[in-house]
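Trainee: this is a predicted model, with the sequence first.
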Amino acid sequence: IMKFVILALFVAGAYGCGLPTFPPIITRVVGGEDVRENSWPWQVSLQYQSGSSFHHTCGATLISSQWVMTAAHCINSRNTYRVYLGKHNLKSNNEEGSMALTPAKIIVHENWDSYRIRNDIALIKLQSPVTFSDSVMAACLPDSGIVLPHNAPCYVTGWGRLWTGGPIADVLQQALLPVVSHANCTKPDWWGSLVTSSMVCAGGDGDLASCNGDSGGPLNCQNSDGSWDVHGVVSFGSSMGCNYPKKPSVFTRVSAYISWINNVSAHPTLQHYIPSHHTFTRIPFPPHKG
């Protein structure tokens, strides 16, 4: 029995949150690049059913063995969804270690405001816990209230468009997006009052391609111990294009929602709210159709 306990502890330690078996290759490439396979093992492809097939629509993040985090605006009550874990190339149907799972519940933040794009966060409960592996692992979440400093180096990941109006990527992309301070992001000629303290901005110099994020996908920031926290959920950007000066990508700030995440995951039966379809005016990362 003791041998089994030690082995169980070892396995849990081997797949602690935010520490990929194959760490990402961190460069300062502007505009995004293909990722090293399995280097962001918490990256999720949220897919909706159309006819007999499923299509990628949003990014998402695996935050525990049974919970996935995404943006509220990705969820439409008319759609049937699946969650694809361990994906690298969306065009490949037989990637080792990948798995497509059906959600048990989808819980959208009860104060989601589609007009002002506030509280743009949702949780998806999987039908049963997944087993972590080299290709499927949970991200860490930041401590409640943590606000990153200006220019903190974070990476957005996703199968988002590679340039304004371009096609979505087949292979998972990563792009360096330094954090923009709240003081800068809320300047009148930046985002002004559209950005609240429950949001975080990143990549606003007009050079770095914030196109690379899928709606709902993670903003990944590394801790001093090497582990990765997901500090943001891709929410909105400028309708003028991805790389527009003074219009950084805007993310739901995860550290503002830690107690909500904990409450929902502890009591998921209390809430089943899935909103009907809404239109969005300021989101250049709409869920992808096909």
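Mentor: Structure received.
Trainee: tell me where the stretch 101-250 of the chain has helices.
Mentor: Applying DSSP state H, counting those that start in this stretch to the stretch 101-250 of the chain gives helices spanning 182-185.
Trainee: what ranges in it fall below the confidence cut-off?
Mentor: Across the stretch 101-250 of the chain, the ranges flagged by pLDDT under 70 are 162-165, 204-213, 238-243.
Trainee: need the strands for it, in chain order.
Mentor: 103-108, 122-126, 153-158, 173-180, 199-202, 218-222, 228-236, 249-253 (DSSP state E, counting those that start in this stretch).
Trainee: among the ones you listed, which is nearest residue 19?
Mentor: Closest approach to residue 19 among the strands of the stretch 101-250 of the chain is made by strand 228-236 (7.6 Å; CB to CB). C-betas here are computed from N, CA, C, even on glycine.
Trainee: between strand 153-158 and the closest one, find me the angle.
Mentor: Strand 228-236 and strand 153-158 are oriented at 60 degrees to each other (axes from the mean of the first three to the mean of the last three CA atoms, to 10 degrees).
Trainee: how far off strand 218-222 does strand 228-236 point, in degrees?
Mentor: Using the same axes, to 10 degrees, strand 228-236 lies at 150 degrees relative to strand 218-222.
Trainee: what's strand 228-236 packed up against?
Mentor: Judged by 3 or more CB pairs under 8 Å, 6 or more residues apart in numbering; DSSP states H and E, the packing partners of strand 228-236 are strand 53-62, strand 67-70, strand 153-158, strand 199-202, strand 218-222, strand 249-253.
Trainee: returning to that earlier point: so which of the strands of the stretch 101-250 of the chain gets nearest residue 55?
Mentor: Closest approach to residue 55 among these (CB to CB): strand 153-158, 14.9 Å.
Trainee: how does the protein divide into domains?
Mentor: According to automatic domain parsing, the chain comprises the domains 43-137+259-270, 153-256.
Trainee: reformat those domains as CSV; add mean neighbour count and distance to residue 15.
Mentor: Converted to CSV, the domains of the chain look like this (neighbours: other CB atoms under 10 Å; distance: least, CB to CB, whole Å):
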stretch, mean neighbour count, distance to residue 15
domain 43-137+259-270, 18, 4
domain 153-256, 21, 12
